[in-house]
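>>> Turn this into a model:
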Amino acid sequence: QVQLVESGGGSVQAGGSLRLSCAASGNTDCISNMAWYRQAPGKERDVVSIIDASGWASYTDSVKGRFTISQDNTKTTLYLQMNSLKPEDTAMYSCQMSCRLSSGRYYYYWGQGTQVTVSS
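Next up is the predicted model:
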């Protein structure tokens, strides 16, 4: 079992910055890839950014150049630095971590979510 706890959300004006954190505890040795997702009201949950165990990262087009995903040296804490925030970034942000099982399959753990609200 892996438990994920997010923090760092809040309300900010357009152009501002926030840093989200996602701390993992429990059986963290199985963790491989990590990701941030977001879900705006009335919309589906979409991936924002992914980082793998080697540190390779990818971003959805709408956040490229503004958001940076990173992880700590122990690979148990995930971050999302969000700069130049826009009202359209308003959403519930959730972290996801994939755990590689002994069978070779993956199980995905989710955090509870943290709200980000950007006002114009």
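>>> contacts, neighbours, all on C-alpha from now
Fine.
>>> Write down the beta-bridge partners of the residue nearest the centre of the chain, one by one.
Taking Cα atoms, centre = their mean, the centroid of the chain lies closest to residue 36, which sits 2.4 Å from it. With DSSP bridges as the criterion, residue 36 is bridged to residue 49, residue 95.
>>> isn't it right up against residue 98?
No: in this structure, residue 36 is not within contact of residue 98 by Cα atoms under 8 Å, at 11.7 Å.
>>> quick revisit: look up how far residue 102 lies from the residue nearest to the centre of the chain.
Distance of residue 36 to residue 102, given as Cα to Cα, to the nearest Å: 25 Å.
>>> now residue 4
For residue 4, the distance to residue 102 (Cα to Cα) stands at 21 Å.
>>> neighbour-wise, which of those two wins?
Between residue 4 and residue 102, counted using other Cα atoms under 10 Å, residue 4 has the larger neighbour count: 22 against 8.
>>> so where do the strands sit in the protein?
Using DSSP state E, the strands found in the chain span residues 2-7, 10-13, 18-26, 31-39, 46-51, 57-59, 67-71, 77-82, 91-100, 106-110, 114-119.
>>> can I get the ones you listed in CSV with mean pLDDT?
Formatted as CSV, these follow (pLDDT from 0 to 100):
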stretch, mean pLDDT
strand 2-7, 94
strand 10-13, 98
strand 18-26, 97
strand 31-39, 96
strand 46-51, 98
strand 57-59, 98
strand 67-71, 97
strand 77-82, 98
strand 91-100, 96
strand 106-110, 95
strand 114-119, 98
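>>> Tell me the predicted confidence for the residue of the chain most remote from its centre.
Largest separation from the mean C-alpha position in the chain: residue 103, at 26.1 Å (Cα atoms, centre = their mean). For residue 103, the model assigns a pLDDT of 91.
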